[in-house]
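Asker: let me see the structure of the following:
(one chain, ligands or ions: 1)
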Amino acid sequence: MNMFDLSGKTAVVTGGNSGIGFAIATGLASHGAQVVIVNRRIPQGKLAAERLVAQGFSADSEQADVSVEASVDQLVKAVLKKHGQIDILVNSAAAIVRKPAVDVTAEEFDLVMSNNVRGTFLCCRNVGRHMIERRKGKVINLSSNVSQVVQENRSAYCVSKAAVSHLTRALAAEWAQYGVNVNAIGPGPTITEFNTTYFEEHPEDRKKLTGLIPMGRMGAPADCAGAAIFLASDASDFVTGQTLLVDGGSTLL
Ligand SMILES: NC(=O)c1ccc[n+]([C@@H]2O[C@H](COP(=O)([O-])OP(=O)(O)OC[C@H]3O[C@@H](n4cnc5c(N)ncnc54)[C@H](OP(=O)(O)O)[C@@H]3O)[C@@H](O)[C@H]2O)c1
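Answerer: A predicted model of the protein is given here:
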């Protein structure tokens, strides 16, 4: 018996076009899942799905903005029409604003909360309705190490990720009775498109953050793939409400 086999399962991965989301999509697809990549820019989504298909995996893409309710409604309907079921939902789409709290505008605060908290909630809610009906499903939300500790100049982002971890607990408690597991992954700083330009422009911040990681390096997107495969598979059937930190120990000290 292979507890990590995902054959016959459909996985929707928001933000699956890039970085950690793409690494997770690759990991799930390599274990047999049919993956649906979701993001706003159509060419990037198509390209990501094509990269998976080129490796012999099953994948396609759908355009959606997770912060817009009508877009999420339409997305879930389209995936169910095409694939009939959603077994795994990964919420990886997110936004960040890096500046001192005193300079963050109300619009910037709302942007971060609307992508990270509202978007995660809407996708969980809509896919959750379907999973509850089927009495099974695995939800994986991308939180962060900053759900537990804080990094300076990222106030709205830190709050949003603490909210994602707490939303994960709240939904896990509500949906356990229906056989739906809700967990989160909390990556530490990981080099992706999310921060490449920022770290190039702020090498001192990169050095400082790396210094806070006991393992002495920043994460790679693939570091999160194993955690996602575990949380998507039968191997995690009795695990719910958890934020699994994949952070090189950065929350230990
Ligand atoms: N990288 C890190 O250091 C780090 C650390 C801890 C946690 N995380 C978390 O891990 C997750 C993935 O991060 P990443 O670094 O892999 O990010 P990334 O490379 O920037 O990829 C995220 C993708 O999500 C899509 N997206 C953003 N907002 C969206 C929206 N409203 N609707 C639909 N798609 C949207 C974007 O594509 P489009 O522009 O085409 O929509 C983007 O390419 C995020 O939740 C992030 O907060 C990252």
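Asker: what pLDDT does the model give M1?
Answerer: Per-residue pLDDT puts M1 at 78.
Asker: look up how far T10 lies from it.
Answerer: Here the criterion is Cβ to Cβ, to the nearest Å. By it, M1 lies 22 Å from T10. C-beta: built from backbone N, CA, C; applies to glycine.
Asker: neighbour count: these two, which is higher?
Answerer: T10 (21 against 4; other Cβ atoms under 10 Å).
Asker: ok, that one - contacts?
Answerer: Contacts for T10 (Cβ atoms under 8 Å, 6 or more residues apart in numbering) come out as A33, Q34, V36, V79, H83, G84, Q85, I86, D87, I88.
Asker: in the sheet, who's paired with it?
Answerer: Under DSSP bridges, the beta-bridge partners of T10 are Q34.
Asker: separation between it and Q34?
Answerer: For T10 relative to Q34 (Cβ to Cβ), the value is 5 Å.
Asker: quickly list what's touching both of the two.
Answerer: Common contacts of T10 and Q34 (Cβ under 8 Å, 6+ apart): H83.
Asker: and the helix or strand where K208 lies, average pLDDT?
Answerer: Taking DSSP states H and E as the definition, K208 sits inside helix 203-211. Over the span of helix 203-211, the pLDDT mean works out to 96.
Asker: in it, what counts as buried?
Answerer: D205, R206, L209, T210 (16 or more other Cβ atoms under 10 Å).
Asker: which secondary structure elements does the strand or helix carrying A184 contact?
Answerer: Assigned by DSSP H and E, A184 belongs to strand 180-187. Strand 180-187 is packed against helix 119-134, strand 137-142, helix 155-175, helix 225-232, strand 243-246, with contacts defined by 3 or more Cβ pairs under 8 Å, 6 or more residues apart in numbering; DSSP states H and E.
Asker: now what about the first one, what contacts it?
Answerer: Right, helix 119-134. Contacts for helix 119-134 (Cβ under 8 Å, 6+ apart): 12, 14, 65-67, 69, 72-73, 75-76, 80, 85-86, 89, 91, 93-94, 137, 139, 141, 164, 167, 171, 175, 178, 180, 182.
Asker: nearest to V112, of the helices and strands packed on strand 180-187?
Answerer: For the helices and strands packed on strand 180-187, the distance to V112 is smallest for helix 155-175, at 4.1 Å, taking Cβ to Cβ.
Asker: and that closest one, how far out from the chain's middle?
Answerer: Put simply, helix 155-175 sits 12 Å off its chain's centre (Cα atoms, centre = their mean, to the nearest Å).
Asker: which secondary structure elements does that helix contact?
Answerer: With contacts taken as 3+ Cβ pairs under 8 Å, 6+ apart, helix 155-175 sits against helix 106-113, helix 119-134, strand 137-142, strand 180-187.
Asker: would you mark the buried spots in that helix?
Answerer: Buried residues in helix 155-175, counted by 16+ other Cβ under 10 Å: 155-169, 171-172, 175.
Asker: for the residue of the chain found nearest the ligand, what are its contacts?
Answerer: The nearest approach of the chain to the ligand comes at G19, 2.3 Å away (Cβ to the nearest ligand atom). G19 sits next to S92, T190, T192, E193, F194, P221 when contact means Cβ under 8 Å, 6+ apart.
Asker: what is the burial count for the nearest residue to it once chain neighbours are set aside?
Answerer: Once flanking residues are discounted, G19 sits nearest to T192: 3.0 Å by Cβ to Cβ, 6 or more residues apart in numbering. Per other Cβ under 10 Å, the neighbour tally for T192 reads 19.
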